[in-house]
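A.B. asks: coords below, sequence missing:
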């Protein structure tokens, strides 16, 4: 019997295991506290949990994935610190973003240090507390690095479109960007790394299914951001204030009357500090144009296709209890309300 | 016969080996070009060269240190990208800092990606193109991670003093900060990692000597920054515009007449954009107070003590030709004019 709560307690413990606690120098101790800030704010631990479940689905005890799952969670945390600087976000998990309280220089450096501790956690595999299957270890480390390199590339696309003020992003370009930025580290990576931790060869269908489900997850995230009635730990309509390129906007600019599209483009292009209630007017236009509903439809279609393929791929694996948890978790994630 | 130019050509090649070149997506290709920007601006490659020489001094072919030396150079490059954001520096190696041309979000993400490629380069040791001695590999990776974690701690001290407007930094606090921020990755790390690449146990004297020499190197850097007649790739007196805490300032605030110290503190505390020619007046005060000369004297004393201890430690090693190069390189670095 696989106890999800037990697995998540172990994951939580593994996330903090390598993070330093105290230092004789009070300023360094304060730095250590900042390292633990974002990880301690919680979050769903979706990616780490998924990785452990994939390890179990591939027939090994989930404990074999613990170092890698903890490293993946630390990855998300340092990326969030840096994302929040890049987007100048206000809030993260219901509290002010780190750079808003500590300043950009300190927050940037905290993210860098957490990146280092992510590798330290991953390299436990070489330091006598190895857990993953030794025969796949070099490939495992390379797959981890591959996953986070792709994430940085997707992030670059996203940032460079904003920096250059490019709004005419096609649906295909958007999907390519979010596959890189979100799908690899959110779904593909956890599924494949879990297999490697178990010493198994990842089924190629895991990648295709993970791309679909990761894209669905990101589109759902974009849609949730524009729904006033949900509280999911980020600011309502923050994506409009940050002028993030989303499938909602891609649809809108491809279908709105030209005059309306021009006006929205000008409003979105203003610096964040100059934006106010007119963003709600833009949101109304997006809704009127059917762009929110369209994006939601694409998310649902991708999720359905991904889940069907994943169900097929998982059916052949030895750990069917874990496989069922994976399907449930991912079907929730792709249609989540918070 | 050890050819320094051959060693540095190989190092250069190793630095770029893992950096990706082209991608079908033009925006990702542009990202790859940004990854190569800072490394391609040159620099002295002091740290990588030192590491290779240490490998040779410990009796192994210098080639055994190539992956680790290249990773160390990549470390410096991503740190410089992030430092330039943190300090809002104008120039780097004679050209505009990356965030001044690409913007903070893109530059931050480029630094993160270079950090990932640093690990990729280091982990060549596990991917079939290993060069370092296998028996010390886990310790080597841990020593590398230890070195860069300490650098992040020193960076935090530096940044947090600036963020909190603290100017009354004691000489002892300054020396502790620069030992962490500069000495470990500039001298201690290269010497110790070189030993481990050769499969040798690092002599404990290398650490003490490296701390002294690294501190001397940083103080010399601070002094050079305030000398108008040198061109060393950073802006003249940039440290005053950025209000960096230096030994020069520590001495000044401990010895200047209170009224003069108060005026200087107020001038330095202004935001960078509000600073102008009055920084030259502060510089004149620092000189009049003897603070530049004092700092220079401390640098020379540290360098002399470090070199003496290093000479002693190196004398016992098998590679005496490399040992002589190390001593020459470090004695130049601690008293350099550019």
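C.D. replies: Structure's in. What do you need? Model, not experiment: these values are computed from the prediction. Numbering: from 1, shown residues only, chains lettered A, B, ... in the order given.
A.B. asks: Break down chain A into its strands, ranges please.
C.D. replies: All strands of chain A, identified by DSSP state E, fall at A:91-92, A:95-96.
A.B. asks: so which of the ones you listed is the most packed in?
C.D. replies: Stretch with highest mean neighbour count among the strands of chain A: strand A:91-92 (a mean of 18; mean count of other CB atoms under 10 Å in any protein chain shown). Placement of C-beta: from N, CA and C, glycine included.
A.B. asks: Give me the pLDDT value at residue A:337.
C.D. replies: You'll see residue A:337 listed with a pLDDT of 67.
A.B. asks: and what of residue A:151?
C.D. replies: For residue A:151, the predicted pLDDT is 98.
A.B. asks: Near chain B, which residues of the stretch 1-150 of chain A are found?
C.D. replies: Selection of the stretch 1-150 of chain A residues close to chain B by CB under 8 Å from any CB of the partner chain yields A:23, A:25, A:27-28, A:30-31, A:79, A:82, A:85-87, A:102-106, A:108-113, A:115-117, A:119-120, A:123, A:126-128, A:137-138, A:141-142, A:145, A:148-149.
A.B. asks: Inside helices: which ones of those residues?
C.D. replies: Of the residues of the stretch 1-150 of chain A next to chain B, the ones assigned to helices by DSSP state H are A:27-28, A:30-31, A:79, A:82, A:85-86, A:102, A:104-106, A:108-113, A:115-117, A:119-120, A:137-138, A:141-142, A:145, A:148-149.
A.B. asks: Got the phi and psi for residue A:88?
C.D. replies: Taking degrees, to the nearest 10, you get phi 50, psi 50 for the backbone angles of residue A:88.
A.B. asks: Disregarding residues adjacent in the polypeptide, which is nearest to it?
C.D. replies: Nearest residue to residue A:88 in three dimensions, chain neighbours excluded: residue A:272, at 6.2 Å (CB to CB, 6 or more residues apart in numbering or on different chains).
A.B. asks: which helices and strands does the helix or strand of chain A with the lowest mean pLDDT pack with?
C.D. replies: None of the helices or strands of chain A scores lower by mean pLDDT, DSSP states H and E than helix A:238-241, at a mean of 86. Counting contacts by 3 or more CB pairs under 8 Å, 6 or more residues apart in numbering or on different chains; DSSP states H and E, helix A:238-241 is packed against helix A:204-225, helix A:278-288.
A.B. asks: Buried deepest among the ones you listed, which one?
C.D. replies: helix A:204-225 (a mean of 22).
A.B. asks: So that one, near chain B or not?
C.D. replies: No: Helix A:204-225 lies out of reach of chain B by CB under 8 Å from any CB, never closer than 15.9 Å.
A.B. asks: ok, of the residues of the stretch 1-150 of chain A next to chain B, which come out buried?
C.D. replies: A:25, A:27-28, A:31, A:79, A:82, A:85-87, A:102-106, A:108-113, A:115-117, A:119-120, A:123, A:126, A:137, A:141, A:145, A:148-149 (16 or more other CB atoms under 10 Å in any protein chain shown).
A.B. asks: Which parts of stretch A:17-36 count as buried, going by neighbours?
C.D. replies: Burial within stretch A:17-36, assessed by neighbour count using 16+ other CB under 10 Å, is assigned to A:18, A:19, A:20, A:25, A:27, A:28, A:31, A:32, A:34, A:35, A:36.
A.B. asks: That one spans what distance, first to last residue?
C.D. replies: 11 Å (CA to CA, to the nearest Å).
A.B. asks: Could you list the residues in contact with it?
C.D. replies: A:16, A:39, A:70, A:98, A:102, A:106-107, A:110, A:113-114, A:117, A:120-121, A:124, B:153, B:156-157, B:160, B:176 (CB atoms under 8 Å, 6 or more residues apart in numbering or on different chains).
A.B. asks: From chain B, how far off is the closest residue to residue A:249 other than its chain neighbours?
C.D. replies: Distance criterion CB to CB, 6+ apart; nearest residue to residue A:249, sequence neighbours excluded, is residue A:167 at 6.9 Å. Applying CB to the nearest CB, to the nearest Å, the value for residue A:167 to chain B is 15 Å.
A.B. asks: I figured residue A:167 hits residue A:254, correct?
C.D. replies: No: with contacts counted by CB atoms under 8 Å, residue A:167 stays clear of residue A:254, the gap being 10.8 Å.
A.B. asks: between the two, which one's more packed in?
C.D. replies: Remark: of residue A:167 and residue A:254, residue A:167 carries more neighbours, 18 against 15, as counted by other CB atoms under 10 Å in any protein chain shown.
A.B. asks: Can you name the residues that contact the more buried one?
C.D. replies: Here residue A:167 is in contact with A:245, A:249, A:253, A:265, A:268, A:269 (criterion: CB under 8 Å, 6+ apart).
A.B. asks: quick one: which of these is most hemmed in?
C.D. replies: residue A:249 (27 neighbours).
A.B. asks: isn't that one right up against residue A:170?
C.D. replies: No: Residue A:249 sits out of contact with residue A:170 when judged by CB under 8 Å, with a separation of 11.4 Å.
A.B. asks: re the thing from before, could the strands of chain A go into CSV alongside mean pLDDT and distance to residue B:1?
C.D. replies: As requested, the strands of chain A are exported to CSV (pLDDT from 0 to 100; distance: least, CB to CB, whole Å):
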stretch, mean pLDDT, distance to residue B:1
strand A:91-92, 92, 58
strand A:95-96, 96, 61
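A.B. asks: give the contact list for the closest residue to residue A:56 other than its chain neighbours.
C.D. replies: Closest residue in space to residue A:56, ignoring its immediate chain neighbours: residue A:322 at 3.6 Å, by CB to CB, 6+ apart. Applying CB under 8 Å, 6+ apart to residue A:322 gives the contacts A:2, A:53, A:54, A:55, A:56, A:57, A:62.
A.B. asks: between these, which is closest to residue B:276?
C.D. replies: residue A:54 (59.2 Å; CB to CB).
A.B. asks: burial count for the closest one?
C.D. replies: Around residue A:54 there are 33 residues (other CB under 10 Å).
A.B. asks: okay but it is in contact with residue A:191, surely?
C.D. replies: Yes: counting by CB under 8 Å, residue A:191 is a contact partner of residue A:54 at 5.0 Å.
A.B. asks: anything in contact with each of these two?
C.D. replies: Counting by CB under 8 Å, 6+ apart, the shared contacts of residue A:54 and residue A:191 are residue A:326.
A.B. asks: Identify the residue nearest residue A:84 in space, chain neighbours excluded?
C.D. replies: The shortest distance from residue A:84 to any non-neighbouring residue, by CB to CB, 6+ apart, is to residue A:97 (3.9 Å).
A.B. asks: So that neighbour versus chain B, what's the distance?
C.D. replies: 14 Å.
A.B. asks: Run through the residues that contact that residue.
C.D. replies: Neighbour list for residue A:97: A:84, A:85, A:89, A:90, A:91, A:107 [criterion: CB under 8 Å, 6+ apart].
A.B. asks: Look at it and report its pLDDT.
C.D. replies: 97.
A.B. asks: Would you report the backbone torsion angles of it?
C.D. replies: Per degrees, to the nearest 10, the backbone of residue A:97 is at phi -60, psi 150.
A.B. asks: What of residue A:256?
C.D. replies: Dihedral pair for residue A:256: phi -70, psi 150, per degrees, to the nearest 10.
A.B. asks: With mean pLDDT and distance to residue A:45 as extra columns, can I get the helices and strands packed on helix A:238-241 in a markdown table?
C.D. replies: Shown next, in a markdown table, are the helices and strands packed on helix A:238-241 (pLDDT from 0 to 100; distance: least, CB to CB, whole Å):
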| stretch | mean pLDDT | distance to residue A:45 |
| --- | --- | --- |
| helix A:204-225 | 96 | 15 |
| helix A:278-288 | 92 | 31 |
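A.B. asks: I'd like to know which of the buried residues of stretch A:17-36 is nearest to residue A:195.
C.D. replies: Nearest member of these to residue A:195, counting by CB to CB, is residue A:18, at 24.0 Å.
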